[in-house]
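Participant: Have a look at this prediction, sequence included:
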Amino acid sequence: MVAEATARQAVSFILGAAAALTVIMLVQYRAPAAGLSRAMLPGHFSGSRSLDHHRLNGTAARTVNQAPTVGAEDHHVHQANATLKANSTPTDHPAALSHFPRTDRKEERTQEPEEFRGLAAAVALAAMDDRNVIITCVNQAWAAPGSLLDLFLESFRIGDGTARLLPHVLVVSMDPAAHARCQAVHRHCYHYTMPGVHMNFTSAKFFGSKEWLEMVWSKLRLQRRVLELGYGFLFTDVDILWFRDPFKHVTAYADMTVSSDVYFGDPDNLGNFPNTGLFHVKPNVRTIAMTRLWHESRGKYPGAPNEQPVFNMIKKRLVAELGVRLRYLDPAYVGGFCSYGKDLGKIVTMHANCCVGLKNKMRDLRGVLDDWKNYTKMPHWEKHKAKWTVPGACIK
């Protein structure tokens, strides 16, 4: 009897141990399978390659049920978009102010205003890696063979380190003939059509004429749209010659960096007189609000029909109310016929301002180009003697 009881206990112990071992093995077998199932669920990353793939496409994927983490920079962007949405009209919704390219291209195209159809693609192709683009505007008269556009592009090719900037110039044409000519001589061209505006922009427009005023004011709408797309821009009139890189004179602090007709020696002095023929703007809430207020101020200041004197009238308000960080460029570097530096070793750009008439501009700008060509041919020990030819056709 004792032997029989002992045998039964041994059998029970063996059966119990076997059952426990079976349970342990089942748990260990199911755990990896369950983990694998979770890893393959949509919205989850599967290793670093998946993360890298999403980063290359400009976005970082998140899990379906996980709320996005908002850091300091993201918070600024979301706050900016919320502010813009609150201040915008139903027909004027700005795009997201992301520093990275959008991936929802189909949605972006469907929301693109008719006035700016194709602008987002044109800017994206011309933009630099840091999402800055150089913009100028032409009509048929300015884009004709041998006219301002040819001199403008030539200056980039013969300047000191400016040829590399030429692929990032977007030429905005105001009429079909100008657009065709642009496409024949330059890589990036955009035909800007303004719905509801029926004017002939092809011929040379005199300062202050109705067509000229419409052209200069329309640029502000296009510039604001570029900012809404999340790009910074350096706008330059086409009657400006580029000899060196003006981006080297744009500070990270400034929202807007603008050239100056009258400069009192301090880049932060609001008493300086701006020249909006060349200025750089960063994309943020302040600058988008600035361009909107600037455009809305048209016609509100007697004696200030075009955009430049209006900006001079409202600049202190832009700084005080919108917090715009404004800095001026020294004419010793970014000059014009109104005020320019005498040292060819410093000059960055030269603007044919304080000059009326296309023929006068062309004559004196050709002289400036010749001066630069002569300067570059001089031995380095002689270059300090180089001087500009006085722009005699424009300044008499």
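Facilitator: Cool, the structure landed.
Participant: going forward, measure contacts between C-alpha atoms and count neighbours the same way
Facilitator: Will do.
Participant: now what about the longest strand seen in the chain, what contacts it?
Facilitator: Ordering each strand of the chain by length in residues (DSSP state E) puts strand 273-281 first. If you take Cα atoms under 8 Å, 6 or more residues apart in numbering as the criterion, strand 273-281 is touched by 232-237, 250, 255-263, 287, 307-308, 311-312, 328, 351.
Participant: Quick check on the residues you listed: which are buried?
Facilitator: Neighbour counting with 16 or more other Cα atoms under 10 Å marks 232-237, 250, 255-261, 263, 287, 307-308, 311-312, 328, 351 as buried within those.
Participant: So which of those residues sit within strands?
Facilitator: Within these, residues falling in strands by DSSP E are 232-236, 256-261, 328, 351.
Participant: Quick check: closest non-adjacent residue to residue 292.
Facilitator: Using Cα to Cα, 6 or more residues apart in numbering and skipping residues adjacent in sequence, the residue nearest residue 292 is residue 224, 7.2 Å away.
Participant: since we're on the one you found, how many residues are nearby?
Facilitator: 23 (other Cα atoms under 10 Å).
Participant: That one in helix, strand or coil?
Facilitator: helix (DSSP: H, G, I helix; E, B strand; the rest coil).
Participant: what angle sits between the helix or strand harbouring residue 218 and strand 232-236?
Facilitator: Residue 218 belongs to helix 210-228 when assigned by DSSP states H and E. Relative orientation of helix 210-228 versus strand 232-236 (axes from the mean of the first three to the mean of the last three Cα atoms, to 10 degrees): 160 degrees.
Participant: Against which helices or strands is helix 210-228 packed?
Facilitator: In terms of contacts (3 or more Cα pairs under 8 Å, 6 or more residues apart in numbering; DSSP states H and E), helix 210-228 is packed against strand 232-236, helix 285-296.
Participant: at 7 Å instead, please
Facilitator: When contacts are defined as 3 or more Cα pairs under 7 Å, 6 or more residues apart in numbering; DSSP states H and E, helix 210-228 packs onto helix 285-296.
Participant: pLDDT weak spots in the stretch 201-350 of the chain?
Facilitator: Counting by pLDDT under 70, the ranges of the stretch 201-350 of the chain that qualify are 201-209, 211-212.
Participant: what's the spacing between the closest residue to residue 335 other than its chain neighbours and residue 377?
Facilitator: Distances taken as Cα to Cα, 6+ apart place residue 350 nearest to residue 335, at 5.0 Å, with adjacent residues excluded. From residue 350 across to residue 377, the span is 19 Å (Cα to Cα, to the nearest Å).
Participant: likewise residue 329?
Facilitator: For residue 329, the distance to residue 377 - Cα to Cα - is 28 Å.
Participant: Neighbour count for the two, which is higher?
Facilitator: Ranked by neighbour count (other Cα under 10 Å), residue 329 and residue 377 place residue 329 first, with 26 against 10.
Participant: List the buried residues in stretch 339-349.
Facilitator: By 16+ other Cα under 10 Å, the buried positions in stretch 339-349 come out as 339-341, 344, 347-349.
Participant: Please save the CA atoms from it in PDB.
Facilitator: The C-alpha trace of stretch 339-349 is given here as PDB (Å, rounded to 0.1, in the frame of the first residue of the first chain):
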ATOM      1  CA  SER A 339      23.400 107.100 -53.100                       C
ATOM      2  CA  TYR A 340      26.200 104.700 -53.800                       C
ATOM      3  CA  GLY A 341      29.600 103.700 -52.400                       C
ATOM      4  CA  LYS A 342      32.700 104.800 -54.300                       C
ATOM      5  CA  ASP A 343      34.700 101.600 -53.400                       C
ATOM      6  CA  LEU A 344      34.300  98.900 -56.100                       C
ATOM      7  CA  GLY A 345      35.900  96.500 -53.600                       C
ATOM      8  CA  LYS A 346      32.900  96.700 -51.400                       C
ATOM      9  CA  ILE A 347      29.900  97.200 -53.700                       C
ATOM     10  CA  VAL A 348      27.400  94.400 -53.800                       C
ATOM     11  CA  THR A 349      24.600  95.700 -56.000                       C
END
